[in-house]
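**Student:** I would like the atomic coordinates for the input below:
(2 chains)
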Number of protein chains: 2
Amino acid sequence: MDFSRANILITGGAGFIGANLARRLVGQGARVTLVDSFIPEYGGNEANLDGIRDSVTLNITDVRDPYAMRHLVRGQDFLFNLAGQTSHMDSMADPFTDLEINARAQLSILESCRGHNPGVKIIFAGTRQIYGRPDHLPVDEDHPVRPVDINGIHKVAGEWYHLLYHSVYGIRSTVLRLTNTYGPRMRIKDARQTFVGIWIRLLLEGRPFEVWGGGQLRDFTYVDDCVDAMLLAASPRADGRVYNLGGDCVVSLRTLAENLIAAHGGGDFILKEFPAERKKIDIGDYYSDDARIREDLGWGPKVALREGLQRTLEYFAPRLEQYL
Amino acid sequence: MDFSRANILITGGAGFIGANLARRLVGQGARVTLVDSFIPEYGGNEANLDGIRDSVTLNITDVRDPYAMRHLVRGQDFLFNLAGQTSHMDSMADPFTDLEINARAQLSILESCRGHNPGVKIIFAGTRQIYGRPDHLPVDEDHPVRPVDINGIHKVAGEWYHLLYHSVYGIRSTVLRLTNTYGPRMRIKDARQTFVGIWIRLLLEGRPFEVWGGGQLRDFTYVDDCVDAMLLAASPRADGRVYNLGGDCVVSLRTLAENLIAAHGGGDFILKEFPAERKKIDIGDYYSDDARIREDLGWGPKVALREGLQRTLEYFAPRLEQYL
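**Tutor:** This is a model prediction of the structure:
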């Protein structure tokens, strides 16, 4: 795909994946508008825009504002729809906010596109969280969806809206179900985006981080690989389709922790029992079958786990305070 | 189950199934409170309460009112949660209203129960519509859910909330996935609740009704059988479970029309092509595998289709104008 001079809107554009995507698109000559509300508990961070701040239009608003979004979607060629509430615990503590952001705002954005820009191509960031406890591994896209928390219920609604607006109204949308994604510009202040964030923070602060359980298997996508997938998903071939993303390998959390410490050249972690209050919404082992996107779109992860962890630590080490 | 002197709240209590359920529970000596908002496009109808008006507490409010609902759930032993927006076409024309009623209000009711009446037993009226176009027939509860309209997306969210509040918080809830339900007190003014309603109206008015397609297979539950299932689902054995309801037989829409006319002793229908604008959200053939509720709870339909249609026509014939 040629994105030069393309008009592109990224919701959650100052967040982790949004800012990395924006950087890539700016480099390709696209006209990029970022929407972000900079809610302190979410992923948006001004530091994520260092170096591209003058090459993008930053529009500070909330995807829950239907009038702002209606105006902003007009004239866009591509909408990378990444804004979301990502914390599973927060979704249980405040289910209505999760509903507003992950369900209602998504419906509202799609209605805006249908009414004011039906030719736009939308790439939606879904999540593997919606599979719940897997019936089998690896998990392909036809695995039943079975959310184990409020966030999962609303993320399913969000992706179904996108697919429905494709099948009924012909809005060109593609859903990527992301697995754990990591890399520069992720939220590291706490575990709201991913537990890997807080591990990195503590490691860089010279403090031990906690590994809960340790045996659970996961796959991890380095953010540049995720951005590759987003750009490939812009292709008409992907319209109306759902794709899992996977990682370059499957590791236990303990192995991940060991790799992180090796990449850093030192550090400690504490192995802890999985906390009781999180047990009910834990999903056990998970890793993706990502054969569909490999076959359809030629995607594949290029950055190996150790290399990705190294790059992530190198990014955060000199600018830690901007992320706390 | 013994419902005598039990405190019971029925949302959508002046509607089709709610009013039939209320009648049965009043007969068993329960203390029944009905919540209904009497929105003209929905199922609530004062005529549905004839004969039980003085034996129930009618509370006119909307399930979208969180304060009213918070107050009303207190002290209830059972909550039959039947209020909903049921029209598939309306959900596409106004997806936000469908979201508010079928998703947000459900979440709000469950939060109220969690906070103010965690011991209540909730029976939630789900729908077979969430299966979308079936992969195989009959459709059992493990069939993937794959909604084909906005209503389906939100009905899935509604039932998942109920199941999640059971698994995470121990709220005792049971989901019944209803198939086409018919009988006295259904909405017959139009096809908003079911197409069978408008068929009955036109037949009783001496006008031909339209059958779209005609070959589609369906099963139909007579409302008394549905009420049986609701009462059985109140059992602790059903906590946290999902059950399909089915009918006593599987018929094509054309056969249903012929049975209706035979039950009435005359009348006409016009066979029409399935309208193009509905084609996109049509699901083809559907009928339930209801073995699970038969085995677990001993449910089974008792009223045969022809008998049920006869009773329905006999109910509406002398009071048609109250339903127009």
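**Student:** all contacts plus neighbour counts: C-alpha atoms, from now on.
**Tutor:** OK.
**Student:** Verify the stated contact: A:Asn59 with A:Ala14.
**Tutor:** No - A:Asn59 is not in contact with A:Ala14 according to C-alpha atoms under 8 Å; the separation is 9.9 Å.
**Student:** Would you quantify the distance from the residue nearest to A:Arg192 when sequence neighbours are not counted to A:Phe274?
**Tutor:** With C-alpha to C-alpha, 6 or more residues apart in numbering or on different chains as the measure, A:Ser87 is the residue that lies nearest to A:Arg192, at 4.8 Å, once sequence neighbours are left out. Counting by C-alpha to C-alpha, to the nearest Å, the gap between A:Ser87 and A:Phe274 amounts to 17 Å.
**Student:** And these two? Which one has more around it.
**Tutor:** A:Ser87 (18 against 13; other C-alpha atoms under 10 Å in any protein chain shown).
**Student:** pLDDT at that one, what is it?
**Tutor:** Note on A:Ser87: pLDDT of 90.
**Student:** Do I have it right that it meets A:Phe195?
**Tutor:** No - using C-alpha under 8 Å as the test, A:Ser87 is too far from A:Phe195 to be in contact (10.3 Å).
**Student:** My understanding was that A:Glu46 contacts A:Gly13; is that so?
**Tutor:** No - counting by C-alpha under 8 Å, A:Glu46 does not reach A:Gly13; the two are 10.3 Å apart.
**Student:** who's more crowded, these two?
**Tutor:** A:Gly13 (32 against 13).
**Student:** For the residue nearest to that one when sequence neighbours are not counted, give me its contacts.
**Tutor:** Closest residue to A:Gly13 apart from its sequence neighbours, by C-alpha to C-alpha, 6+ apart: A:Leu34 at 4.5 Å. Residues touching A:Leu34, when contacts are defined by C-alpha atoms under 8 Å, 6 or more residues apart in numbering or on different chains, comprise A:Leu9, A:Ile10, A:Thr11, A:Gly12, A:Gly13, A:Ala14, A:Ala22, A:Val56, A:Thr57, A:Leu58, A:Asn59, A:Ile60.
**Student:** change it to 10 Å
**Tutor:** Neighbour list for A:Leu34: A:8-15, A:18-19, A:22, A:56-61, A:72, A:80 [criterion: C-alpha atoms under 10 Å, 6 or more residues apart in numbering or on different chains].
**Student:** what pLDDT does the nearest residue to A:Arg5 once chain neighbours are set aside get?
**Tutor:** Spatially, and ignoring its direct neighbours in sequence, A:Arg5 is nearest to A:Ala30 (4.6 Å; C-alpha to C-alpha, 6+ apart). We have a pLDDT of 98 for A:Ala30.
**Student:** phi, psi of A:Ala30?
**Tutor:** Main-chain torsions, A:Ala30, degrees, to the nearest 10: phi -80, psi 160.
**Student:** Next one: it from A:Val175, what distance?
**Tutor:** 22 Å.
**Student:** Looking at these two, which is more packed in?
**Tutor:** Using other C-alpha under 10 Å, the more surrounded residue of A:Ala30 and A:Val175 is A:Val175, with 26 against 20.
**Student:** State whether the more buried one is indeed within a strand.
**Tutor:** Yes - the assignment for A:Val175 is a strand, going by DSSP: H, G, I helix; E, B strand; the rest coil.
**Student:** My understanding was that it contacts A:Leu232; is that so?
**Tutor:** No - judged on C-alpha atoms under 10 Å, A:Val175 makes no contact with A:Leu232 at a distance of 11.8 Å.
**Student:** overlap in contacts of these two?
**Tutor:** Common neighbours of A:Val175 and A:Leu232 (criterion: C-alpha under 10 Å, 6+ apart): A:Ile123, A:Ala238.
**Student:** wait, is the residue nearest to A:Gly13 part of a strand?
**Tutor:** Yes - assessed by three-state DSSP, A:Leu34 belongs to a strand.
**Student:** Report the separation between it and chain B.
**Tutor:** Going from A:Leu34 to chain B by C-alpha to the nearest C-alpha, to the nearest Å gives 26 Å.
**Student:** Alongside chain B, which residues does chain A contribute?
**Tutor:** Residues of chain A lying near chain B by C-alpha under 10 Å from any C-alpha of the partner chain: A:92, A:95-96, A:99-100, A:103-104, A:107-108, A:111, A:142-150, A:152-154, A:156-158, A:160-161, A:163-165, A:167-169, A:277-281.
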